[in-house]
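>>> give me coordinates for this.
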Amino acid sequence: MAKKEKKELEIKYDIHKGRIRARTTVIYIDGTSGRQEAYGNTQTAAKKELKAKIDKVNAEIRYGEQKLDGEITLAQAVLDKIEERKNAYDREKGREKIRDTTSSRDMDVYRNLLQPNEISRKLINQIFPRDLEKYRKWLENAQYDKCQIKDSAKHTPNLQHYSASTLNRVIRLVVAVLDDFYRYSEHKSPTEALQPFKQAIQNKTEADFLIDDEVNICLKYFAERRNEGRFPLDEIYADMFSVALMLACRPGELRGLKKRDWDVKKRNLYIRRTGEYGDGRTKTEESQRILPVMSSVAEILERRCKNLKADSYIFPNTKNGVISESNANKKLQRWLKEAGITKDLHFHSLRGSSGTYMLEKDVPLEVVSSIMGHSKTETTRKYYVAVSERRKREVVERMEVFFGCRTEDIRRASLIPFMEKGDEKVNSAVAGGCGL
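Residues are numbered from 1 along each chain as shown. Below you'll find the predicted structure:
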């Protein structure tokens, strides 16, 4: 038996920490060699575990070759991509154990919008533009049941089409996989046929933000709650909301701030991560920015950073970890109601409120866009230029000066019917000059 085993695989056994260790040098199926070892309570168990490890490495090599040749299904390739991204984030996090919601959302769209379609079972090298065109049409008509009642007797389906952002998430995964395969190929990637869906953008109004005096009302109320200190987290929430309103930062950017991001000498705040990830990533490349801060913000940051370690969060939860955005939303909504503001706003609304407030105070659009970390000024203009009723009233007041008549006269003039005068129709108000 020993001679036969030696011909198959030369294994050396010894005792290590009370268990039998099996060791060998193995040549894998791709011609590379490496050392492997395994443990067991007996030589047979150790040998079995060692062979299982070798088989696993060979299987990974075989799978890698199939993947390189496009001989795996689209579904498997997408799963690999999701896992690859998830592991990449974990490596960067180190000791920061922060839940990554991106991978869970990727898995949701994989299960609902890729796995059910026949294209998921096609091999990567057998997917052509016509397959992607057909898949895109299927995505366009895909629906989900919004009804949450599980009892079949009471269940009434409420089918809704998926949002463009959800559809584009699965499209980005498929495109990334196919582009990776065709990157070093002489053939062109077919992904041009899988164009993303256009997102419907709802115009923002003054109801979506704090405007004019509401900004100062909130800052004052936050200061009151901070000084009151009724609950342990109230001071943290008050400071965080105040900074959000004065610096136009995203909620995740504030939740991820650490003491080392605050340069007290230069009075600069470095935005370089978000609370969801903690691994140096931000929403976009332009989101990484340096913000010079005003005295009131510097005072908050200096107070919060006092006696903190360099890697400690500036706005932590009770366990010195990343603060919950949902809890912050609940706290903000309650405080806004107590401050007399009836708008349905959330934490991210403070960022938009800050941008709108700066624009209303005639801060140049390019400056506001840079402060907010937008890659294009069109983004700032599209989402945050909300023309308030106050601005409209200002225009009307200027019109009164220009035309020399009161607003009521203008309104009344528009209601006076035309009079017939020969072959002409003349507005009596115009003919009379608004009663002047």
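
>>> so for the helix or strand harbouring residue 168, what gets flagged as buried?
Here residue 168 sits within helix 164-182, counting by DSSP states H and E. In terms of neighbour count (16 or more other C-beta atoms under 10 Å), helix 164-182 has its buried residues at 164, 166-171, 173-178, 180-182. The way it works is simple: take the backbone N, C-alpha and C, and place the C-beta from them, glycine included.

>>> residue 214: which of these is nearest?
Nearest to residue 214 among the buried residues of helix 164-182, counting by C-beta to C-beta, is residue 164 at 31.4 Å.

>>> so the closest one sits against residue 198, correct?
Yes - Residue 164 lies in contact with residue 198 (C-beta atoms under 8 Å); the separation is 6.4 Å.

>>> got the confidence number for residue 20?
On the pLDDT scale, residue 20 is placed at 93.

>>> how many neighbours does it have?
Using other C-beta atoms under 10 Å, the number of residues around residue 20 comes to 18.

>>> what of the one 4 residues further on?
When counting by other C-beta under 10 Å, one arrives at 18 neighbours for residue 24.

>>> so it touches residue 13, yeah?
No - Residue 24 is beyond contact range of residue 13, at 10.0 Å (criterion: C-beta under 8 Å).

>>> how far away is the closest residue to residue 110 other than its chain neighbours from residue 249?
Using C-beta to C-beta, 6 or more residues apart in numbering and skipping the chain neighbours, the partner closest in space to residue 110 is residue 78 (5.8 Å). Per C-beta to C-beta, to the nearest Å, residue 78 is found 33 Å from residue 249.

>>> cool, and residue 165?
Distance from residue 165 to residue 249, counting by C-beta to C-beta: 22 Å.

>>> kindly report the same for residue 290.
Residue 290 sits 12 Å away from residue 249, taking C-beta to C-beta as the criterion.

>>> counting neighbours, go ahead and name the busier of these two.
The residue with more neighbours, out of residue 290 and residue 249, is residue 249; 25 against 12, by other C-beta under 10 Å.

>>> could I get the contacting residues of that one?
Counting by C-beta atoms under 8 Å, 6 or more residues apart in numbering, residue 249 touches 243, 271, 291, 351.

>>> quick one: contacts of whatever helix or strand the last one lives in?
Counting by DSSP H and E, the element that carries residue 351 is helix 347-360. Helix 347-360 is touched from outside by 204, 208-212, 214-215, 241, 244-251, 325, 328-329, 332, 343, 345, 365, 367-368, 371-372, 380, 383-386, 388, 391, with contacts defined as C-beta under 8 Å, 6+ apart.

>>> let's see that with 7 Å instead.
For helix 347-360, the surrounding residues in contact (C-beta atoms under 7 Å, 6 or more residues apart in numbering) are 204, 208-211, 215, 241, 244-251, 325, 328-329, 332, 365, 368, 372, 380, 383-386.

>>> from the chain's centre, how far out is stretch 190-198? Work that out for me.
21 Å (C-alpha atoms, centre = their mean, to the nearest Å).

>>> what is the helix or strand following the helix holding residue 168 packed up against?
Per DSSP H and E, the first helix or strand lying C-terminal to helix 164-182 is helix 213-228. Contact here means 3 or more C-beta pairs under 7 Å, 6 or more residues apart in numbering; DSSP states H and E; on that basis helix 213-228 packs against helix 234-247.
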